[in-house]
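Visitor: Prediction below, plus the sequence it came from.
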Amino acid sequence: METSIIDSLMLSEKRRDIMILLSIESKSRDEMAEALDMPWQLLKQPIKELKNVGMIFQKENVYSLSNNGRLMITALMPLLTMVDAFSSDIDYWKSRDLQPIPHHLTKRMGELGKSSLNTLSLDYMFEPLKHFIENATQTRYLNIVLSLFDPEAPSLLKEIADKDIEISLVFERNTYGKMNENFRDELDELNNYKNISFYCIDSEVNPPEIIINDGEMAIIFFNQNGKYDYRELLSSDENAIAWGSELFEYYKGISKPCSKNNAITPKP
């Protein structure tokens, strides 16, 4: 019976869609057909199969999840969304290095499902920060994990800071070393802005590059060789931005304010 239940959910997109729909609220057959944009005749068989394994029940003309069905869809939803997300770009995801992602967030990577994969053009392949900022809408804040050396970052950050946008920036430690070596004065100047906070990751972790504002997000996951292959995930989906924001806070949490040892003095 357990195998039949798992098969009922995992091997049929129609059955999954029905379960997800009914997890929101009970529906009549006409409401289901309209919500799923599918003729009732195509829904009759998957509904019968779900009833046979006890996932849904029918009372008159209304269909609802059973207690078991609600428990099952709640437990399987993260996995189902992850399968959908990874299936959209299998070649991309199988080549990503996801080890720097904390376990509690790897289990929820399905929340990135409504993201688009973008390959940067020659004009921007070495400047993902510039690409994102120039295409971003008006924003109140900008959260960044900077893992790529970007010679335009200081001037871009100054331009944004001058607009009184709150900036919180976490440096990957090697990237910070290169930035500090080449742009010490510029970083010192930026650190005098009251709306900018700098942090340095206090470990050897190699995080993805993350850029998030009020309504948009860009994440660059490196490939399994730790290399940047000019591809990024873009999303304006609320769930994806929430996931990315939690990832940013995780890296911020394992960081320290850049200190004199890092050649930047934290604000009092």
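Guide: Thanks, I have it.
Visitor: switch to C-alpha atoms for all contacts and neighbour counts from now on
Guide: Noted.
Visitor: So, low pLDDT: which residues of this structure?
Guide: 1-11, 121-128, 131-137, 259-268 (pLDDT under 70).
Visitor: What residues of stretch 215-225 count as buried?
Guide: Residues of stretch 215-225 classed as buried by neighbour count (16 or more other C-alpha atoms under 10 Å): 215-223.
Visitor: how distant is the helix or strand harbouring I20 from the center of its chain?
Guide: Per DSSP states H and E, I20 falls inside helix 13-24. Its chain's C-alpha centre and that of helix 13-24 lie 23 Å apart, by C-alpha atoms, centre = their mean, to the nearest Å.
Visitor: just stretch 189-204 next, same as before
Guide: 23 Å.
Visitor: Please identify the buried residues of it?
Guide: 190-191, 193, 195-202.
Visitor: And stretch 37-44, by the same measure?
Guide: Here stretch 37-44 shows L43 as buried, counting by 16+ other C-alpha under 10 Å.
Visitor: Now do that stretch: everything it contacts.
Guide: Contact partners of stretch 37-44, identified using C-alpha atoms under 8 Å, 6 or more residues apart in numbering, comprise 14, 29-30, 33.
Visitor: still on that earlier bit, among the buried residues of stretch 189-204, name the ones in helices.
Guide: 190-191 (DSSP state H).
Visitor: where along the stretch 51-200 of the chain do the strands fall?
Guide: 56-59, 62-65, 116-119, 141-146, 166-171, 196-201 (DSSP state E, counting those that start in this stretch).
Visitor: So what are the sheet partners of the fifth one and their directions?
Guide: Spelled out, it's strand 166-171. Applying DSSP bridges, strand 166-171 is found paired with strand 141-146 (parallel), strand 196-201 (parallel).
Visitor: got the CA positions of the first one in PDB?
Guide: In PDB, the C-alpha atoms belonging to strand 141-146 read as follows (Å, rounded to 0.1, in the frame of the first residue of the first chain):
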ATOM      1  CA  TYR A 141      17.900  47.800   0.500                       C
ATOM      2  CA  LEU A 142      20.500  45.700  -1.100                       C
ATOM      3  CA  ASN A 143      21.900  42.500   0.500                       C
ATOM      4  CA  ILE A 144      25.000  41.000  -1.200                       C
ATOM      5  CA  VAL A 145      27.400  38.100  -0.700                       C
ATOM      6  CA  LEU A 146      30.300  39.000  -2.900                       C
END
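Visitor: hmm, back to that, show me just the buried residues among the contacts of stretch 37-44.
Guide: 14, 29, 33.
Visitor: which SS state does the last one fall under?
Guide: Which is A33. Put simply, A33 is helix when judged by DSSP: H, G, I helix; E, B strand; the rest coil.
Visitor: measure it to S235 for me?
Guide: To S235, A33 is 29 Å away according to C-alpha to C-alpha, to the nearest Å.
Visitor: same deal with the second one?
Guide: In this structure, R29 and S235 are separated by 34 Å, where distance is defined by C-alpha to C-alpha.
Visitor: can you check S203 too?
Guide: Counting by C-alpha to C-alpha - S203 and S235 are separated by 28 Å.
Visitor: quick one: E186 and P154 touch, right?
Guide: Yes: contact between E186 and P154 holds when scored by C-alpha atoms under 8 Å: they sit 6.2 Å apart.
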